[in-house]
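In: below is the structure, and that's it, no one-letter string:
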């Protein structure tokens, strides 16, 4: 006869915290809380309504992402200011190398920084990452040589490398399967908004404060405040938060990560190397970033040099194009979760990406045949919107398959995306020069970007979110709670 499971609370002496211990009885044996982590429930679990702490965690993550991109993008605008040029009258090529240095360490440290968060906890490590890049932003405002500027940007890239991988792990632990896409879109929205507003905010502050150095010091101090708010708000697991009740834990649904499930970085890398699904997703990330990066690197020059618009008008046009990504991000998060509900996890995660990449491909391929600059901007705006429409599905995919090693898995994928952007930034000007020398104009560059999105649309169909990358991610395959043992 099968054993009947029943639950009863065993009286305990008063605890100094907000929690009480609930034991699970299985026959005549008692399963201690250490073996049944979600039986540690808040003292306010009798509340008639579930708490909503996970939305506070999401808000802290959005604020983090905003500062992440504000500190990343601001220097690109600052180097154009008169006060900066007065301090660093260096050739454009040398300043360009300083700006590019960030992306080298940012891509290189994606995996180690993500693994560190899986190993020692997202709350601790992401707080350190925020403090780290904020201090490097502050130091950037102090340095007096190009060598110092280069070192500060390299270290800033190291600190920022773990931000999105770690945040992906936080969203996985705090949100149920059917809300991961939407929650991921909020975080990505914060980053895009920070990047879009960074030029305007930095220019305004330089005008008000009179010097670029003061602006960077201010950014660094604000970042340290954001780090404190993140530490105060976020916990590694929902059950650790004093404001979370048992009803919210039930809504989140999946069991907490166990320390023994977190694997060594070499084990995770081996699992990544042996996963066809993750290799396909890496190709998709590589191609999408390779096609998208044209919008922020060479579109401004194209508008000024080829379409003959003024530099100021070109900057406004590029901002308009990038702004199209903001509603795309929010719509993509909603669409990803709705697709999973209706089509299941296997196809619900990939079809939004495939559809968005296909539309972006067509938009790029139309550009060489258009003579109106506004129609070309419309197509570029569609590319921007469709790129960000697909991003939340990718965040959610890495949370689905990563389990307790989500940050490391995200670091792997983000590394390939940044490599694609870096390579594309080098190849696109060569394609533009080739087209001009052959009388083809910018056609080779637009076709190359369109083909990148087309390859991504085809490869993403082979990505399978129902197959976890590492062995520990069994409870998340169905989105349910792991059985107690």
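Out: Arrived safely, thanks for sending. Please read all numbers here as calculations on a predicted model, not as lab measurements.
In: now do residue 83 against residue 214, distance only.
Out: As for residue 83, its distance to residue 214 is 9 Å (criterion: Cβ to Cβ, to the nearest Å). Backbone N, C-alpha and C define where each C-beta goes, glycine included.
In: and residue 390, by the same measure?
Out: 39 Å.
In: which one's more surrounded, those two?
Out: residue 390 (28 against 15; other Cβ atoms under 10 Å).
In: which SSE is immediately downstream of the helix or strand hosting the more buried one?
Out: Using DSSP states H and E, residue 390 sits within helix 373-402. Per DSSP H and E, the first helix or strand lying C-terminal to helix 373-402 is helix 406-437.
In: for that next one, packing partners?
Out: Here helix 406-437 touches helix 92-108, helix 110-120, helix 163-174, helix 265-273, helix 276-292, helix 294-297, helix 373-402, helix 443-459, going by 3 or more Cβ pairs under 8 Å, 6 or more residues apart in numbering; DSSP states H and E.
In: buried sites along it?
Out: 406-422, 424-425, 428, 431-432, 435 (16 or more other Cβ atoms under 10 Å).
In: how far does it sit from the chain's center?
Out: Chain-centre distance of helix 406-437: 17 Å, with Cα atoms, centre = their mean, to the nearest Å.
In: quick one: mean pLDDT over that helix.
Out: Mean per-residue pLDDT for helix 406-437: 82.
In: any idea where the helices of the stretch 51-200 of the chain begin and end?
Out: 53-78, 82-87, 92-108, 110-120, 122-140, 146-160, 163-174, 180-209 (DSSP state H, counting those that start in this stretch).
In: can I get those helices in CSV with mean neighbour count, distance to residue 323 and mean pLDDT?
Out: Compiled in CSV, the helices of the stretch 51-200 of the chain are given as follows (neighbours: other Cβ atoms under 10 Å; distance: least, Cβ to Cβ, whole Å; pLDDT from 0 to 100):
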stretch, mean neighbour count, distance to residue 323, mean pLDDT
helix 53-78, 22, 14, 91
helix 82-87, 14, 26, 85
helix 92-108, 16, 23, 78
helix 110-120, 24, 27, 89
helix 122-140, 23, 24, 96
helix 146-160, 20, 23, 92
helix 163-174, 29, 21, 91
helix 180-209, 21, 6, 87
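In: distance check, residue 85 against residue 206.
Out: In terms of Cβ to Cβ, residue 85 sits 12 Å off from residue 206.
In: then residue 52?
Out: Taking Cβ to Cβ, one finds residue 52 at 40 Å from residue 206.
In: likewise for residue 341?
Out: 48 Å.
In: now do residue 320
Out: For residue 320, the distance to residue 206 - Cβ to Cβ - is 23 Å.
In: same check on residue 450?
Out: To residue 206, residue 450 is 38 Å away according to Cβ to Cβ.
In: cool, residue 271 as well?
Out: Counting by Cβ to Cβ, the gap from residue 271 to residue 206 is 47 Å.
In: no further questions, thank you.
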